[in-house]
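[1] Predicted model follows, preceded by the sequence.
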Amino acid sequence: MFNTEKSEKPKTLTGTRLRSYAFALLTRRDYSQAELSNKLNQYAINPDEVAELVAELAQQNYQSDQRVAELTLASQLRKGKGLQRIKQALKAKELDEELITEELKEVDWSEQAYQLKVKKFGIDIAKDPRIKAKQIRFLQYRGFSMDAIMKAIARTSEEE
């Protein structure tokens, strides 16, 4: 009775309808070129037309991988993510991490890790090895390097 297989969506968009759909997508949020191409190719008849349209939108600055990379970085930092998790997020969006290399260098990862540790566990330095291990695992999961983690969990509130 029910078709459990995911049916292929009919590919019907060309020309101005494809362009309108691309603009509709970009008004809701910023997409990387790869994401936008994938989204448009779900409905477009001609993949070459999609490639041309995405290149044109990027050239006219309606779509910008640089902007997407910067927004992703800001979002991930707000969420308390470390360098490795941010790199993962950029790869998921099929962005080149070289786009924000400078911004990544400017971030004080030890400070980020410390602020996250304080938010989750408080300012006290853990003496109990089990609590230390828990803090280390938490910060590792968030994508921080071992160097930044060790500085963060050993830091006292007076060192600010």
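    Okay, I see it. Numbering: from 1, shown residues only.

[2] ok, and the helix or strand in the protein with the lowest average confidence?
    Between all helices and strands in the chain, the lowest mean by mean pLDDT, DSSP states H and E belongs to helix 101-106, at a mean of 80.

[3] Specify the local secondary structure of the one residue sitting closest to the centre of the chain.
    Central residue of the chain (C-alpha atoms, centre = their mean): Ala89, 3.4 Å from the mean position. Secondary structure, DSSP: H, G, I helix; E, B strand; the rest coil: Ala89 is helix.

[4] Surely it touches Gln76?
    Yes - with contact defined as C-beta atoms under 8 Å, Ala89 and Gln76 form a contacting pair (5.5 Å). (Glycine included, C-beta is placed from N, CA and C.)

[5] What distance do you get for the nearest residue to Ala51 once chain neighbours are set aside to Lys91?
    Spatial nearest neighbour of Ala51, excluding adjacent residues (C-beta to C-beta, 6 or more residues apart in numbering): Ser37 at 6.8 Å. Using C-beta to C-beta, to the nearest Å, Ser37 is found at 16 Å from Lys91.

[6] Tell me which of those two has more neighbours.
    Each of Ser37 and Lys91 has its neighbours counted (other C-beta atoms under 10 Å); Ser37 has more, 19 against 11.
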